[in-house]
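*Asks:* Quick one, fold the following:
(2 chains)
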Amino acid sequence: MKKEKIQTEAIHAELSFETRRHFLKQCRTGMGMMALGSILDGCNIFLKENNQLGTNPLLAKAPHFAAKAKSVIFLHMAGAPSQLEMFDYKPELQKMDGMDCPDSFIKGKKFAFIRGVPKLLGPQTQFKQYGQSGLWLSDNIPHFRQVIDDVSILKAVNTDQFNHAPAQLLMHCGTPRLGRPSMGSWVTYGLGTENSNLPGFVVLTSGGRNPDSGKSVWGSGFLPSVYQGTQCRSEGDPVLFLKDPNGFNRDLRKSSIDAINKVNELAYQEYNDPEILSRIAQYELAFKMQVAVPDVMNIADEPAYIHEMYGTKPGEESFANNALLARKLVEKGVRFVQLFDWGWDSHGTDPGTALDMGFVTKCRETDKAVSALLLDLKQRGLLDETLVVWGGEFGRTPMQENRDGIQNFHKGRDHHADAFSMWMAGGGIKSGFSYGETDPIGYNAIDGKVSVYDIQATILNQLGFDHEQLTYQFQGRQFRLTDVFGKVIDPIIA
Amino acid sequence: MTSFFKSKIVLTTATLVIAGISYFLFFTETPVDYNAEVKPIINQKCISCHGGVKKKAGFSLLFREEALSPTESGKPAILPGDAANSEMIKRLHSLDPEERMPYQEEALTEEETRTLTKWIDEGAKFDTHWSYLPVKAPLIPGKGLFSWFKQKDGNDIDRFIDEKLDEVDLKRSPIASKDVLLRRASLDLIGMPAPEVIKQKFLRDNSEKAYENLVDDLLASPKYGERWTALWMDLARYADTKGYERDYIRSIWRYRDWLIKAFNEDKTYDQFLVEQLAGDLIPNPSDEQFIATAFHRNTMNNDEGGTDNEEFRVAATLDRVNTTWEVLMGTSFACVQCHSHPYDPFKHEEYYQFMAYFNNSRDEDTHDEYPLLREFRNDSKLKYEKLLSWLNKHADTKTASFYQRLLKTGQQCINSITVDSMYNAALEDTKSLRLRKNSLAKFSQRDITNKSTLLIRLNSFVDHGILTLYIDQPNSKPVASIKINKSKKEWDLVKFQLDEKLTGKHDFYFKYENPSLKKEKDRGLLVDWLVFTPSFPLKTSAAGSAFYQDFLELLNQPDAEFTPIMSDNPSYMKRKTFVFERGNWLLKTQEVEAGIPALLNPDKNNKLSTRLELAKWMTDKKNPLTARTMVNRLWEQLFGQGLVETLEDLGSQGMTPTHPELLDYLAYTFMHNDNWSVKKTLKRLVMSKTYTQSAETSEQALKKDALNRYYSHAPRVRLTAEQVRDQALAISGNLSNKMFGPSVMPYQPEGIWASPYDGRSWIKSEGEDQYRRAIYTYWKRTGPYPSFINFDGTAREVCTSRRIKTNTPLQALTLLNDSTYWDLSIQFAKNLMQENPSSVKQQIGKGYKIATGLDISDKKSKVFEALFSNTMQQLNKDKKRVNKMLSDSSVQKQGNELAALAVVTNAILNLDEVITKN
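*Replies:* Purely as a prediction, here's the structure:
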């Protein structure tokens, strides 16, 4: 009897596994093989190497090699912040302020809004050197001085998309078009999650808008939807439908879920369908999530010094709150936290997008919290195992925008794909380091040029993945995040 | 006949068979089967370096001529008939790690090496993959000689299933109960529980044909079309918005309605496809045929400021190619965009030859999504009809049809964004041409043969503008100058009379001047489009001039419904198609003509050049892919998995069919016996005993065939997102039967919509529109309806060939807590209390019966009764709680009993048995 039970369970485990086989793609099929029951003779790397027979697609899994980082926090400044007013100091550009942009820079080039011959625009703020590393920082981000010795700044990042939606997709999904899985989905597909009471991949947005490319930047594309990012919200339910209907309390919810599960167990006895067992488990998990998610999303109980440090105000939808939440989430074992802060599109068409007005506000709104996040992770000993990435989807032109040939009323810059700045910190990345150089006006990368794919390859590398091997079979071929590109940025690895 | 005689025949037969097998085993050796044995090894072990993408050392195994031609070493790697001397085989055995193949990977197994060796010794023949071979009528197992002694029931489908079941010594399960069949067939055929009339008729029908009658009733129900439309909307990537950053509204719901009607009237599948792919090219297309072509106008459109319209036009065109192959022909063609197919014999340039069919359509990523079909309403409709009959009387056929096409589709209007050069003019937000104080815009090489008038649709912001037209030279004598004052309506039509003697192609210059504007850069007007028209009949007569006014009015701003459609460029504007290097649209290389990949159209003389010809080829009975793809999909919809599990890929990297002969039988009968009738094929499927068997699973079946690939019992399949909603609406008695019309906005939580630069919000629909079937729910690509997404719906940015079913806590949370489902639970409870006021036990039993179609067992009933009394106890402790639970004050007076029963009905809506087809 006992033996039979074990056997049944094994078959069920196999079956549940097999119903999700699509993402653990086996190599061989055919009736004969299945009759022999050797379903698991697959070619999946996880199977072979880890010999896991999980029924839970989110079960924690080991990567290809020893990881430096356990989790990732990606701070995306949606709209593309100006590197020339933050990290990439260009005194030469200041000297050339107001001059016509040399023909060699604009000939044959396409811009989103610049037409004709634009004027060069010097940095709209002051720069100084800070920290032991002596890296240059603008006055727009004074708090960042405290953590400058903890980051590696990449000054010559390059993309090939200069419109927001496609560029954001390229950054997160490795393609400017829709339909591919996002980085966070790849990571949860590869690593599973360490805290099953929380989603493995969480998205937090601020700035009042979703990113330009919509929810696809945290979508699971062709990967099963369990791997898509779960948007946790600061207002309303932190996760959609998490809160019970009015008048329910824990007791009532518990008795209702117990009843559902009891009847499902009876149904299991009738049908023998292992999917029912899985559903029972999901209801138990849902019950636990109802407590775990609001708990982790509640920042009100944080001590006063933490609120002071981040500049957080409980109950608000703000970047600062999201930064603090990011720390709490990785602390609880969430793999991938993606923050989007909307409103960085500094064209200079109105005060909100002017480099000397709206842009300064955006810097102020985020600077303190970004710095606090790094300090906080550090004081908790989490920075070593958490990779923090900061950046936009592209950069901004050294020229002042002249929309349709007319100089914009405010100081603003157009979209610029050729060179922009990002930084990474923690998770095995060098600290107090700068990599890559742009030309004297900050137009082109002249040294240490890295692509968006290189960023992705590096993130995966720190998590213990060979980006060329983390693949998924779809439409008859192996897909990966980095398409056919990408090279780990070795110089910034500690 | 005596049984003795029978068994003797059996014995003799058995002897013969055994003898046959022995002969077969000892005296013949079967040649290697390329598709079954060789190709899988090549695909798995060799092709990633020696195939479409990479040809390491100049060696490729994709096409035979490639495989046999000399490699970089100067010699071919394969010598047919001589494996021993073939470099490919030598390399498998090599001991030098630099030489041994697969390079730095695990060596092939002995068996694999033997297979490849034997294959080369036998001549290294390449066979065509099964799915690219024509569909032949397969022999039905057990219908041949000696079949009469075998027990059998069911239809031909069951013969194929039984044959395989015999191999593993399993048997089909007994037929499921009437209650189970009612629910199963209803969910499958109409996507929701059967309407009361159909249900009662079936339950009372005790004839042998009761089930068949039920199937016929369900197929005839208008709900049938709605259910299958839900599937097709995924394939067509239907959405009510355009996608990308701003994700603005798109009005394309008439296409959804077209689908419902087409399914309901059982439009034959070949015609169904022809109209969707090329309805506009059918002679004298009807409005409906135009609307069908919206299939390929569901591609996304980018309104983001500063985007290159041509880039996104090309992206849409590529999407049409990929979608056509993936969803209609089960072939992963997208990889051929960048290089030859790595696994299947399609060449890089063949992708672009195919793209040429779609590359000549008029859509240009314009903000207004031209071309649009206009369906006139009210006064406009009357005017249009009168005008048309007048034109048919007074104009020659060509002119009349020109005006008709122009009014119906806005073609051949020239979009202002295609301006060829500008001076002090600009494309405003890349959406329309803007003319400034002193500006010039040029449209090159426009054919005006037989055209006498130029109409321009523009919006002037100011008075005192002067628009001057020049032909061929900007400094020549102007054709005319026209005063332009501030537009009163949004758009005005401005008219230039042309010299009727002018023919052929000419350049057109528009000069705009306006002394009242202060600065050079101040804007004067926007141009939407321009169009050259032939002379209007009897224009000088009173009647003619009145009709001409009607024409202008109808052309400019009619009262009409607008739907994006396909329409091709006039021949002189035909776009050239080029091969894109590595799929990059900016790297155009060799020019190509429209054509079908050689593998599928071996006759080089069979030139197919238009979309209509393409559609005819796709729906020709000789096309090996179209019917197979569709019947495989229908099977998947009913049985939860396809006969080929990878619906999107029947190619050599797709999964092997579990029942290849059955797949071909279904494809063959679909085309030949049922003449492409989807309803007949569905009936054939659901009438099989394989379909009607019970879902209960024996231990033996679980052990031998855990995946139920042999179909020894009916599969249990979780309902789709749409079915989950529709069923809950039906169960709770709220379902609206209203069909068709613009999409609606049922309750959804706050904050789902938040596209940049888009102030629109979700405005909750009123009345019965709250309770429409899921297919009528507004589908915004960047913020899709959350409960659908939680149940594996997709954003529909691109086509979805197959939804991968998941089982997540978010699904539990949706059904437990989404206000929609809680409200429906209350309604459901209320109905139950009204029907059975006295007994909670009866209410529970009835609720379970409505939801599952089954009588509740004592055990289950006790669980719910306990939940009810437990809830009552809790509510009795706190008098205020009930009003919180029942937010609608009209039901609050029913008090604790209603709230407690709603907790039970909500639990019922959450049951696995309820969200699963049993």
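*Asks:* For the stretch 751-900 of chain B, give me the ranges with low pLDDT.
*Replies:* For the stretch 751-900 of chain B, residues meeting the criterion pLDDT under 70 lie at B:754-759, B:889-893.
*Asks:* Can you tell me how far the residue of it at minimum distance from chain A is from A:L178?
*Replies:* Closest to chain A within the stretch 751-900 of chain B is B:T782: 2.6 Å, counting by C-beta to the nearest C-beta. Placement of C-beta: from N, CA and C, glycine included. B:T782 sits 10 Å away from A:L178, going by C-beta to C-beta, to the nearest Å.
*Asks:* Those two: who's more crowded?
*Replies:* Just comparing B:T782 and A:L178: by other C-beta atoms under 10 Å in any protein chain shown the higher neighbour count belongs to B:T782, 30 against 27.
*Asks:* Quick check: closest non-adjacent residue to that one.
*Replies:* Nearest residue to B:T782, sequence neighbours excluded (C-beta to C-beta, 6 or more residues apart in numbering or on different chains): A:G214, at 2.6 Å.
*Asks:* What is the burial count for the one you found?
*Replies:* 28.
*Asks:* surely it meets B:R781?
*Replies:* Yes. Between A:G214 and B:R781 there is a contact under C-beta atoms under 8 Å: 6.6 Å.
*Asks:* residues contacting the closest residue to chain B within the stretch 151-300 of chain A?
*Replies:* Scanning the stretch 151-300 of chain A for proximity to chain B using C-beta to the nearest C-beta identifies A:G214 as nearest, at 2.6 Å. By C-beta atoms under 8 Å, 6 or more residues apart in numbering or on different chains, the contact set of A:G214 is A:A165, B:E245, B:D247, B:S755, B:R781, B:T782, B:G783, B:A795.
*Asks:* what do you get if the cut-off is 7 Å, keeping everything else the same?
*Replies:* The contact partners of A:G214, taken as C-beta atoms under 7 Å, 6 or more residues apart in numbering or on different chains, are B:D247, B:S755, B:R781, B:T782, B:G783.
*Asks:* Pull out the buried members of those.
*Replies:* B:D247, B:S755, B:R781, B:T782, B:G783 (16 or more other C-beta atoms under 10 Å in any protein chain shown).
*Asks:* circling back to that earlier point, so what pLDDT did the residue nearest to B:T782 get?
*Replies:* Listed pLDDT for A:G214 reads 71.
*Asks:* got it, and A:E14?
*Replies:* 45.
*Asks:* Now do the strands in the stretch 201-350 of chain A.
*Replies:* All strands of the stretch 201-350 of chain A, identified by DSSP state E, counting those that start in this stretch, fall at A:201-206, A:230-231, A:336-342.
*Asks:* just how off-centre is the shortest one within its chain?
*Replies:* Relative to the centre of its chain, strand A:230-231 is centred 12 Å away, using C-alpha atoms, centre = their mean, to the nearest Å.
*Asks:* One more: the first one?
*Replies:* Remark: strand A:201-206 is offset 8 Å from the chain centroid, using C-alpha atoms, centre = their mean.
*Asks:* Quick one: mean pLDDT over it.
*Replies:* Mean per-residue pLDDT for strand A:201-206: 91.
*Asks:* How about the longest one?
*Replies:* In this model, strand A:336-342 has an average pLDDT of 95.
*Asks:* what's the angle from the next helix or strand after that strand to strand A:201-206?
*Replies:* Tracing the chain past strand A:336-342, the next element assigned as helix or strand by DSSP states H and E is helix A:358-379. Here helix A:358-379 points in a direction 140 degrees away from that of strand A:201-206 (axes from the mean of the first three to the mean of the last three C-alpha atoms, to 10 degrees).
*Asks:* Export the very next helix or strand once past helix A:358-379 to PDB, keeping only CA atoms.
*Replies:* Beyond helix A:358-379 on the C-terminal side, the first helix or strand identified by DSSP H and E is strand A:386-391. C-alpha atoms of strand A:386-391 as PDB (Å, rounded to 0.1, in the frame of the first residue of the first chain):
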ATOM      1  CA  THR A 386      22.300  42.600  -4.000                       C
ATOM      2  CA  LEU A 387      23.100  44.000  -7.400                       C
ATOM      3  CA  VAL A 388      21.700  47.500  -7.800                       C
ATOM      4  CA  VAL A 389      21.400  48.900 -11.300                       C
ATOM      5  CA  TRP A 390      20.500  52.500 -12.200                       C
ATOM      6  CA  GLY A 391      19.800  54.000 -15.600                       C
END
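*Asks:* Nothing else from me, thank you.
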